[in-house]
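Engineer: below is the sequence, then the predicted model.
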Amino acid sequence: MSKRFEVIEHTADVGIAAYGSDLKKAFANAAYALFSLMVDLKHVGDNLDREVEVTAENHEDLLVAWLNELIYLFEVESILFKRFRIDELTETKLKARCYGEKVDPVRHKIRVGVKAATYHMLKVEKDNGFRVQVLFDI
Amino acid sequence: MPRWEGTLKKIDDYRWEIPQSYKAGMRVPGLIYADEAMLEHIREDQTPEQVANVACLPGIVARSLAMPDIHWGYGFPIGGVAATRIEDGVISPGGVGYDINCGVRLLRTNLMQEDVSPKIEELISELYRAIPSGVGSQGRLRLDQKEIEKVLLMGARWAVEKGYGEARDLEVTEANGSMPGGDPQCVSTKAKQRGGPQLGTLGAGNHFLEVQAVEEIYEPAIAAVMGIERVGQVLLLIHTGSRGFGHQVCTDHLVTMGAAVQRYGIHLPDRQLACAPVKSPEGKDYFAAMVCAANYAWTNRQCITHWARECFVKVFGQSQRELGLEMVYDVTHNIAKMEDYQVDGKRLSLCIHRKGATRAFPAGHPEVPAIYAEIGQPVLIPGDMGRYSYILVGTQRAMEETFGSTCHGAGRVQSRTAAKRSQRGVDVARRLAQRGIIVKAGSMASLAEEASEAYKDVAAVVEVTHNAGISRKVAKARPLGVVKG
């Protein structure tokens, strides 16, 4: 399988670049990257699911809104997500079903708390498939 | 990131100007407080460009300022101060930051290092147990919607009325821990949901609780007014903010500000400077929500203070009074405040953005608590974990030059991932233990990220603000034990 994402260096914070043969896959991989920063997803199950719907002005803002929605769900419901099925993705709307598990402090060692997706270095690029990039505030 | 090769005009050994002519759109010059050695570091990435970008904000006056602990942030640099006219200027959430009212609180005690050292492990364990920390930690408070709204309006006063602390604590908190102008209606349900369970928690990242001993006193008479009398005296430093609540407020309002930029035809060199006129509905809504987050953060520090006092009482078997567990001060370093200043001979009402910068009011200023009227406002500068922290006071020169502001801390020089690569959390803990510093952390990875090597030396930062005259060194403390999120 080709590379799903990579971590980007930044002095105060951490970013990710995620890849996909289509935009849906790239957005799903960005979400996967977000939770990979937080925890080793090997140890996370997928018995719980949540539907997520976000809207924004364009693809870039949609990426931020999508990831911020997942951060919100993590903080409020303590769910770690590992699998993302994006059902709809237009210029201004994303609809997805996300699968994961509630945090179990014994099995899940949370490495870092990601508190927001920012607009810095934000990119959605088409280049032999898609590459999306976002920086997190942690 | 490429090195910044722009123009810096030396004004004196501690002041470097980015001329207004450096780039089109700058409305005022930039000014960086730094010594020559620091400047090399600052030039290593695009931080000075961010100082120049902030100078493009509509309504900015005097200069776009950068404190010596400046580092690269989102849009605004961290360690930046920007004053915009309320009348026709803008307010920007990026100029405050995600962690609204992240700040520092200092308590003094009657204890000496020799009293505490034998019990330091017990004390740190007790603090670690009593004050929830780490990612996703939930507090001991359970508040319904109505109570949360009271917190957002009343701030630390809510906590004191509930029995968490004393009325005196509020007198020595910036804005008395209760900033006016908040409106819970301007806060999203999401923010309230995130914030509710997290009140009374330390969080993760660079937040900490530190038991310290005074190492050096530079100004004994001033320190004595703060209750800091001897080398070896034990202090407690609390560094935390508004948790997920503040982050959600910032996230929500960055979206509305993005639209406002278009509506008001504001041209910005970087979209993370998103802003709206202070007097516009978007600007007013953000400010009202930001005040709620600031009040949340003061309540958070107030509750933590109360539990920390209980830990000291338990471990040392003396009453709070006997232990002399009094607050020295509480300052915020991520906020926007409406303040009046004299600029070019004119009195102006301004919106002061302090992002990673601390208010530093001089003696006699009406907002300085009565007990500090003669010495000026205490300024608390935490260093990185395991090094040392400083206590300063504000000066008149800060009023004239920096809108009553100074630095806020050490400033990162190494990325979190680089810090983790170069050291492991267990090694960091062991090295600190060898120097007699006990650390309890929720996650070993977070410990490695906060290793001293990842930060500028706070001593150098403080030295610049002292020598530049925008604050004055009073005392220095070093850690005995640390609780990290």
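Structural biologist: Looks like it arrived, so ask away.
Engineer: what residues are up against the closest residue to chain A within chain B?
Structural biologist: Closest contact between chain B and chain A, by Cβ to the nearest Cβ, is at B:V135 (3.5 Å). Bear in mind the C-beta positions are built from the backbone N, C-alpha and C, glycine included. When contacts are counted by Cβ atoms under 8 Å, 6 or more residues apart in numbering or on different chains, B:V135 touches A:38, A:110, A:112-113, B:203-204, B:442-443, B:485.
Engineer: distance check, it against B:R359.
Structural biologist: 30 Å (Cβ to Cβ, to the nearest Å).
Engineer: B:I438 too?
Structural biologist: Noted for B:I438: a distance of 32 Å to B:R359, by Cβ to Cβ.
Engineer: out of these two, which sits in the busier spot?
Structural biologist: More crowded of B:I438 and B:R359, by other Cβ atoms under 10 Å in any protein chain shown: B:R359, with 29 against 20.
Engineer: helix, strand, or coil at B:G244?
Structural biologist: Under DSSP: H, G, I helix; E, B strand; the rest coil, the three-state class of B:G244 is helix.
Engineer: that one contacts A:S78, correct?
Structural biologist: No. Using Cβ atoms under 8 Å, B:G244 makes no contact with A:S78, being 11.9 Å away.
Engineer: who has more neighbours, those two?
Structural biologist: Neighbours per residue (other Cβ under 10 Å) separate B:G244 from A:S78, with B:G244 holding more: 29 against 16.
Engineer: per-residue confidence at that one?
Structural biologist: pLDDT recorded at B:G244 is 93.
Engineer: gap between it and B:G442?
Structural biologist: According to Cβ to Cβ, B:G244 stands 16 Å off from B:G442.
Engineer: what parts of chain A come near chain B?
Structural biologist: Contact residues, chain A versus chain B (Cβ under 8 Å from any Cβ of the partner chain): A:7, A:9-14, A:38, A:56-57, A:61, A:65, A:68, A:72, A:74-76, A:78, A:103, A:109-113, A:115-116, A:118-120, A:135, A:137-138.
Engineer: if you look at the residues you listed, which of them are in helices?
Structural biologist: Per DSSP state H, helices hold the following members of the residues of chain A next to chain B: A:38, A:61, A:65, A:68, A:72, A:74-76.
Engineer: return the distance of the residue nearest the centre of chain A relative to A:L80.
Structural biologist: Centroid-nearest residue in chain A: A:A31, 1.6 Å away (criterion: Cα atoms, centre = their mean). Between A:A31 and A:L80 the distance is 11 Å, computed by Cβ to Cβ.
Engineer: show me where chain A has strands.
Structural biologist: A:5-9, A:14-20, A:48-55, A:79-89, A:93-102, A:116-117, A:123-126, A:130-137 (DSSP state E).
Engineer: so which elements touch the last one?
Structural biologist: What that stands for is strand A:130-137. Packing partners of strand A:130-137 (3 or more Cβ pairs under 8 Å, 6 or more residues apart in numbering or on different chains; DSSP states H and E): strand A:14-20, helix A:23-38, helix A:59-77, strand A:116-117, strand A:123-126.
Engineer: now swap in the second one and tell me
Structural biologist: Secondary structure elements in contact with strand A:14-20, counted by 3+ Cβ pairs under 8 Å, 6+ apart, are strand A:5-9, helix A:23-38, strand A:130-137.
Engineer: strand A:14-20 and the shortest one, what's the angle between them?
Structural biologist: Counting by axes from the mean of the first three to the mean of the last three Cα atoms, to 10 degrees, strand A:5-9 lies at 150 degrees to strand A:14-20.
Engineer: and strand A:5-9, what's buried?
Structural biologist: A:5, A:8 (16 or more other Cβ atoms under 10 Å in any protein chain shown).
Engineer: that strand packs against which elements?
Structural biologist: When contacts are defined as 3+ Cβ pairs under 8 Å, 6+ apart, strand A:5-9 packs onto strand A:14-20, helix A:23-38, helix B:416-422.
Engineer: give me the neighbour count for residue 85.
Structural biologist: In the absence of a named chain, chain A is used. Around A:R85 sit 13 other residues, with neighbours defined as other Cβ under 10 Å.
Engineer: switch to chain B, please.
Structural biologist: Other residues within reach of B:R85, judged by other Cβ under 10 Å, total 18.
Engineer: my guess is it contacts B:V61. True?
Structural biologist: Yes. B:R85 is within contact range of B:V61, at 6.2 Å (criterion: Cβ under 8 Å).
Engineer: find the residues that touch each one of these two.
Structural biologist: Contacts common to B:R85 and B:V61, judged by Cβ under 8 Å, 6+ apart, are B:348, B:350.
Engineer: could I get the helices and strands packed on strand A:5-9 as JSON lines with mean pLDDT?
Structural biologist: Formatted as JSON lines, those follow (pLDDT from 0 to 100):
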{"stretch": "strand A:14-20", "mean pLDDT": "94"}
{"stretch": "helix A:23-38", "mean pLDDT": "97"}
{"stretch": "helix B:416-422", "mean pLDDT": "68"}
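Engineer: quick one, which of the ones you listed is nearest to B:L273?
Structural biologist: Of all these, strand A:14-20 sits nearest to B:L273, with 18.9 Å by Cβ to Cβ.
Engineer: what strands line up against that closest one, and which way round?
Structural biologist: Sheet pairing of strand A:14-20 (DSSP bridges) gives strand A:5-9 (antiparallel), strand A:130-137 (antiparallel).
Engineer: now the angle from it to helix A:23-38?
Structural biologist: Going by the same axes, to 10 degrees, strand A:14-20 makes 150 degrees with helix A:23-38.
Engineer: CA atoms of strand A:14-20 as CSV?
Structural biologist: What follows is strand A:14-20, C-alpha atoms only, in CSV (Å, rounded to 0.1, in the frame of the first residue of the first chain):
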residue,chain,number,x,y,z
VAL,A,14,3.0,19.4,14.4
GLY,A,15,1.4,19.0,11.0
ILE,A,16,0.6,16.2,8.6
ALA,A,17,0.4,15.7,4.8
ALA,A,18,-2.0,13.0,3.8
TYR,A,19,-2.3,11.3,0.4
GLY,A,20,-5.0,9.5,-1.6
